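Peer 1: here is the input, now give the coordinates:
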Amino acid sequence: MASKPKVVFVLGAPGAGKGTQCKKIVDNFGFVHLSAGDLLRAERNTPGSQYGELIENHIRNGTIVPVEITCRLIEEAMKTSSSNKFLVDGFPRNKDNLDGWNKEMSDKSDVRFILFIDCSEESCIERCLKRGAEGSGRSDDNIESLKKRFRTFHEDTLPIVNQFSEQGMVLKVDGSKDPDSVFQIISDLFQKHS
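Peer 2: I've put the predicted structure just below:
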């Protein structure tokens, strides 16, 4: 039987640099990047999707999509990949996500650790607004959605990071530096832990 896919969860506030760093990890360590947000946005944009409208409402309101939908999309993406190493970016975002992952995916994957990219709220908001002004095409790169997304991050996601931290499973990096400096630190961590 094939070994379970290795999974690294990548968490951080909106704009902390998760996507930027995931691209660098993919290029250097052969992981496949699965962004929960990108998978959800792609599903939302799929004509005839039974979940499209539900997903859009959650995205626009800065709330969290039901975990069964997100897990199903992540699992499908893993099955269709030729790789056995995955960065799951922006997930789990709350206790319900984690419970759902444990129920649906714990026997189908090997979670190695959480890469937590820590960055100040001011820097993150500035990055997201800049990304939106440059035409990111994201309906949530605006100040109203960002305020909601940060509230969700602080209330729901940070407790997950803390829970994994108590188990010694969080590798934390300072995301406020320039992307290459941040990646140098991440690179050292991946050489040791993945």
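Peer 1: in this structure, which spans are strands?
Peer 2: Taking DSSP state E to define them, one finds strands in the chain at 6-12, 32-35, 85-89, 110-118, 170-174.
Peer 1: show me where pLDDT drops low in this structure?
Peer 2: Applying pLDDT under 70 to the chain flags residues 1-2.
Peer 1: the helices in it, which residues?
Peer 2: Secondary structure of the chain by DSSP state H: the helices cover 18-29, 36-44, 52-61, 67-79, 95-105, 121-133, 143-152, 158-166, 179-193.
Peer 1: out of the ones you listed, which is closest to Lys85?
Peer 2: Nearest of the helices of the chain to Lys85, taken as Cβ to Cβ: helix 18-29 at 7.5 Å. No exception for glycine: its C-beta is placed from N, CA and C like everyone else's.
Peer 1: what sits up against stretch 68-83?
Peer 2: Applying Cβ atoms under 8 Å, 6 or more residues apart in numbering, the external contacts of stretch 68-83 come out as 5, 30-32, 34, 36, 39-40, 43, 51, 54-55, 86, 88, 91, 97, 100-101, 104-105, 108-109.
Peer 1: narrow those to those that are buried.
Peer 2: With burial judged by 16 or more other Cβ atoms under 10 Å, the buried subset of the contacts of stretch 68-83 is 5, 31-32, 34, 36, 39-40, 43, 51, 54-55, 86, 88, 91, 97, 100-101, 104-105, 109.
Peer 1: go through the strands of the chain and name the closest to Glu155.
Peer 2: Checking the strands of the chain against Glu155 by Cβ to Cβ gives strand 6-12 as the closest, at 14.1 Å.
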